[in-house]
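> here is a sequence with its predicted model. Questions after.
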Amino acid sequence: MEKTNNQKESFAFDRMNYILITIGMAVVILGFILMAAVGSSEDAFNPEIFNALHIKVAPAVAFAGFIFIIYGIMHRSKEEKSE
């Protein structure tokens, strides 16, 4: 079946979906970077690994990024909503 010039090729995602997914991935990467800490060695204990930033804030940021990615996947354009 050939497509005519009037038929618009339909993709699963719109440009806005890709932008939202990219922002979500950047937030997830930021969360994982915040989770990274200098570990302890056999010779010296580093209490910095139990900092609230690494234990509480960073996982929340990463989780928010994953939620934002899900929103980016589920987002529908205004044109699709009107149809």
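Structure's in. What do you need? Numbers count the residues shown, from 1 in each chain.

> rest of the way, CA atoms for contacts and neighbours
Will do.

> checking the residue nearest to the spatial centre of the chain next. Helix, strand or coil?
When CA atoms, centre = their mean is applied to the chain, the residue found nearest the centroid is G24 (2.4 Å). Of the three states, G24 takes helix under DSSP: H, G, I helix; E, B strand; the rest coil.

> relative to F66, how far out is it?
Using CA to CA, to the nearest Å, one gets 6 Å for the distance from G24 to F66.

> again, but for A44
Separation of A44 from F66 (CA to CA) stands at 35 Å.

> ok, V27 next?
Counting by CA to CA, the gap between V27 and F66 amounts to 8 Å.

> do Y18 as well
With the distance defined as CA to CA, Y18 ends up 14 Å from F66.

> these two: which has the busier surroundings?
Ranked by neighbour count (other CA atoms under 10 Å), Y18 and F66 place F66 first, with 17 against 14.

> for that one, helix, strand, or coil?
Counting by three-state DSSP, the backbone at F66 sits in helix.

> check contacts around it.
For F66, the residues meeting the contact criterion (CA atoms under 8 Å, 6 or more residues apart in numbering) are 24-25, 28.

> among those, which one sits closest to S77?
Comparing the contacts of F66 against S77 with CA to CA picks out G24 as the nearest, at 17.8 Å.

> wait, the closest one sits on I73?
No: taking contact to mean CA atoms under 8 Å, the distance of 10.3 Å between G24 and I73 leaves them out of contact.

> mind listing the helices for this structure?
For the chain, applying DSSP state H gives helices covering 15-35, 52, 58-74, 78-82.

> so what pLDDT did the closest residue to I19 other than its chain neighbours get?
In space, I19 comes closest to G72 once its chain neighbours are excluded; the distance is 7.9 Å by CA to CA, 6 or more residues apart in numbering. Predicted confidence (pLDDT) for G72: 95.
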